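Asks: Got a sequence here, can you model it:
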Amino acid sequence: MTADLLPGLGERARAAAHPRSAACVSCAATVTLADRPDATVVRHAGAVAKAHAPRTDPAELTLRLTVAARLGQILLAPLGTAPAVLGDRLVTLWPYGSPVDPDDPDAAPWEDAARLLARLHRSPVTTALPPMRGPAKAARAVARLRAAGPHPATAPVLRAWAALPGWARAEAPMPGPAVLCHGDLHLGQLVRHPAPDGPWRLIDVDDLGTGPAAWDLARPAAWYACGLLPPGEWTRFLTAYRAAGGPAVPADGDPWPALDVAARALTVQTAALAVVRAVAAGRAPDEVERCVIDACDRMGAHPPRPGGVFPE
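Replies: Numbering: from 1, shown residues only. This is a model prediction of the structure:
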């Protein structure tokens, strides 16, 4: 799928890394950092070229790049705010940042992620951004589940999905007040820049937009509720977010009434993709996948309600 795309991306990354010279004598080889249907990312030296998903709207991407450039102390600033075209894909250029080390979970920057989110959520919306794409991504995951073929886990995941309010299924306007949201927060969305030990920045603006701040806390909240994130790490994240004045939850007391619906939606999204992978591989869900599927089964029996909590 990307055989024709990678050479062109590599050329864009090399040109960005060496803007004043075509020579490249002492650099390491060009490296593919990601190659997925929704994004292909290539690095050369200190520059990264990203090919965005097919049919990405150029005007909306330009708006998101403009916000990232303006909020360079929160979001990694792009190398320019006008996307280029490579074949049928839009391409953006970025400085390279060091990612979170997946082999060192004790060093996971939960507090930094929380503080960056709180600052993002408190930033004024000065650009006419589209809605953040979190609910739309969840809806796409469910559509993929429906198309994947029969599986015993499909029914409980769809029951949990059906119990969600329309906004969480991308079928109705999102509730206010709308703030600036990342839209797809997880630890893979943080890098240190300058590499290797500069300050942390949020990356990936594809889902950036306005919406309920709770969505950006939903994935760690869902992992915690499903038993996949230790309570201590969840507490570190939530405490740092509150201390930084994040508006998604009350400053004290029970945060769950504010997080319940979004956490359920992210659980359904994760479970739907887990089932899709299991069907494609012809295997049973693994232990982690089973956790989110089982959570959907519980959620279907306990629909969200005002002041409700994620079912244990």
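
Asks: Domain-wise, how is the chain divided?
Replies: For the chain, the structural domains run 5-96, 105-301, going by automatic domain parsing.

Asks: Deepest-packed of these, please.
Replies: domain 105-301 (a mean of 19; mean count of other C-beta atoms under 10 Å). Glycine gets a C-beta too; all of them are placed from N, C-alpha and C.

Asks: I'd guess residue 291 is in a helix, am I close?
Replies: Yes - per DSSP: H, G, I helix; E, B strand; the rest coil, residue 291 lies within a helix segment.

Asks: Next up, the contacts around it.
Replies: Going by C-beta atoms under 8 Å, 6 or more residues apart in numbering, residue 291 touches 226, 227, 228.

Asks: Could you do residue 46 as well?
Replies: Counted by C-beta under 8 Å, 6+ apart, residue 46 has contacts 17, 95, 96, 195.

Asks: ok, the first one touching residue 47?
Replies: Yes - with contacts counted by C-beta atoms under 8 Å, residue 17 reaches residue 47, the gap being 3.9 Å.

Asks: And stretch 202-210, end to end?
Replies: 16 Å (C-alpha to C-alpha, to the nearest Å).

Asks: My error: substitute stretch 30-40 in the last question.
Replies: 13 Å.

Asks: shouldn't residue 6 be in contact with residue 43?
Replies: No - taking contacts as C-beta under 8 Å, residue 6 lies outside contact range of residue 43: 11.8 Å.

Asks: list residues touching both of these two?
Replies: residue 32.

Asks: which sections of the stretch 1-150 of the chain are below the confidence cut-off?
Replies: 1-3, 21-23, 25-26 (pLDDT under 70).

Asks: Break down it into its strands, ranges please.
Replies: 31-36, 39-44, 47-52, 84-86, 89-95, 98-99 (DSSP state E, counting those that start in this stretch).

Asks: how about those in CSV, adding distance to residue 287?
Replies: CSV is the format used below for the strands of the stretch 1-150 of the chain (distance: least, C-beta to C-beta, whole Å):
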stretch, distance to residue 287
strand 31-36, 24
strand 39-44, 28
strand 47-52, 33
strand 84-86, 40
strand 89-95, 35
strand 98-99, 25
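
Asks: So for residue 124, which of those strands sits nearest?
Replies: strand 89-95 (23.7 Å; C-beta to C-beta).

Asks: Identify the neighbouring strands of the closest one in the sheet and state each direction.
Replies: strand 47-52 (antiparallel), strand 84-86 (antiparallel) (DSSP bridges).
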